[in-house]
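Participant: my questions are about this predicted structure, shown below with the sequence.
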Amino acid sequence: MTALLDINKLGKRFPTRHGREPSSWVIKDLSFSVADGEFLTIVGPSGAGKSTLLNIIAQTDTASAGEILLNGTSVTTRDPRALKPGIDRRIGYVTQDDNLLPWRSTLDNVLFALDVQGKLNDESRGRARQLIQAVGLAGFEKYYPHELSGGMRKRTALIRTLVYDPPIILMDEPFAAVDAQTRTQLQADLLRLWDLGRKTIVFVTHDITEAIALGDRALVLSKQPSRIAAEHAIPIPRPRNVKDIFALPGFAETYEKIRADVQ
Ligand SMILES: Nc1ncnc2c1ncn2[C@@H]1O[C@H](COP(=O)(O)OP(=O)(O)OP(=O)(O)O)[C@@H](O)[C@H]1O
Ligand SMILES: [Mg+2]
């Protein structure tokens, strides 16, 4: 597998309120690569800089130091005016909030990106319907976000990103706000969808169990200034039954190792 994404000595600090000297480093000397087709999970404590990292990769924020390569080409920018969120739709981003448009139905939210890109046709509509079916939202196409449960909104946000087929998808604690049972179901849905297409995924979470259940490999972020504190290959074969993940051989040892590394 070749590296699709390369993060090289990335650094970030934000300007202070009064705008004179910059703040201390939130992220410093952070480096890792993601292989094509890999499901990478990143675990880190609250405030470690996980969302900041994804924002910089997705180009909704600038880097203060270092470089990001996508397919070997630098996509780093220091200038806020030069940001290209999603970099021509090569990067999909499921953010920490689901960000559904309240005035659009489930189907129209799923179709939104295709609509904006002028790619609405029978094929893309068919794909949207397939995905809606695959995550159990059939029958809810005409519902508005406020008529859906939290879990259903998460599923809608997920397939809205999958439908336009970006080669790499960033996910920022997408299942954090739902109950444990729904979360397990969403994880199973995600793995099933991922199995169909094997996209490259960078999935951020503070939940070690989730990082193990989903990932090929888990990175552990340190506290600020954030860098990679440890890396663990997940030795559990696929397909994985996430409901029984605790019982699978390799889970307990991996959990203990990661827990020891999370500060
Ligand atoms: N726009 C901003 N301006 C100034 N500081 C910021 C900004 N965005 C984030 N920070 C700071 O950067 C640090 C990391 O924030 P970030 O949201 O990346 O953490 P996180 O790991 O995603 O946390 P959580 O798990 O709670 O979502 C925090 O100390 C935060 O205050
Ligand atoms: Mg965050």
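Facilitator: Cool, the structure landed. Ligands and ions are numbered 1, 2, ... in the order given.

Participant: what about Val204, how many neighbours?
Facilitator: By the criterion of other Cβ atoms under 10 Å, Val204 has 25 neighbours. (C-beta placed from N, C-alpha, C; glycine too.)

Participant: ok, the closest residue to it other than its chain neighbours - contacts?
Facilitator: Excluding the flanking residues, the one nearest Val204 by Cβ to Cβ, 6 or more residues apart in numbering is Lys50, at 4.4 Å. Contacts for Lys50 (Cβ atoms under 8 Å, 6 or more residues apart in numbering) come out as Ile42, Gly44, Asp172, Glu173, Val204, His206, Leu221.

Participant: over to Arg104?
Facilitator: Phe112, Tyr144, Pro145.

Participant: name the helices or strands packed onto the host helix or strand of Ala213?
Facilitator: Per DSSP states H and E, Ala213 falls inside helix 208-214. Packing partners of helix 208-214 (3 or more Cβ pairs under 8 Å, 6 or more residues apart in numbering; DSSP states H and E): strand 39-43, helix 180-197, strand 200-205, helix 251-261.

Participant: again, 10 Å this time
Facilitator: strand 39-43, helix 180-197, strand 200-205, strand 217-221, helix 251-261 (3 or more Cβ pairs under 10 Å, 6 or more residues apart in numbering; DSSP states H and E).

Participant: could you report the neighbour count for Thr106?
Facilitator: Neighbour tally, Thr106, other Cβ under 10 Å: 26.

Participant: output the set of residues of the protein in proximity to ligand 1.
Facilitator: When proximity is defined as Cβ under 6 Å from any ligand atom, the chain approaches ligand 1 at Phe14, Val26, Gly44, Ser46, Gly47, Ala48, Gly49, Lys50, Ser51, Thr52, His206.

Participant: next up, the contacts around the residue of the stretch 51-200 of the chain found nearest ligand 2.
Facilitator: Using Cβ to the ion, Ser51 is the residue of the stretch 51-200 of the chain that sits closest to ligand 2, at 3.2 Å. Residues near Ser51 by Cβ atoms under 10 Å, 6 or more residues apart in numbering: Thr60, Asp61, Thr95, Gln96, Leu170, Asp172, Glu173, Val204.

Participant: which residues in the chain form helices?
Facilitator: With DSSP state H as the criterion, the chain has helices at 50-57, 106-116, 122-134, 150-162, 180-197, 208-214, 251-261.

Participant: the ones you listed into TSV, with extra columns for mean pLDDT and distance to Ser33?
Facilitator: Formatted as TSV, the helices of the chain follow (pLDDT from 0 to 100; distance: least, Cβ to Cβ, whole Å):
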stretch	mean pLDDT	distance to Ser33
helix 50-57	96	12
helix 106-116	93	27
helix 122-134	93	29
helix 150-162	92	22
helix 180-197	91	19
helix 208-214	97	18
helix 251-261	96	19
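
Participant: nearest to Ala65, out of the helices and strands packed on helix 208-214?
Facilitator: strand 217-221 (16.9 Å; Cβ to Cβ).

Participant: need phi/psi at the residue lying closest to Pro80 once chain neighbours are set aside.
Facilitator: Nearest residue to Pro80 in three dimensions, chain neighbours excluded: Thr62, at 5.6 Å (Cβ to Cβ, 6+ apart). Thr62 adopts backbone torsions of phi -90, psi 160, taken as degrees, to the nearest 10.

Participant: for Thr62, grab the count of nearby residues.
Facilitator: 17.

Participant: got a list of what it touches?
Facilitator: Counted by Cβ under 10 Å, 6+ apart, Thr62 has contacts Lys12, Phe14, Asn55, Ile56, Thr76, Thr77, Arg78, Asp79, Pro80, Arg81, Ala82, Leu83.
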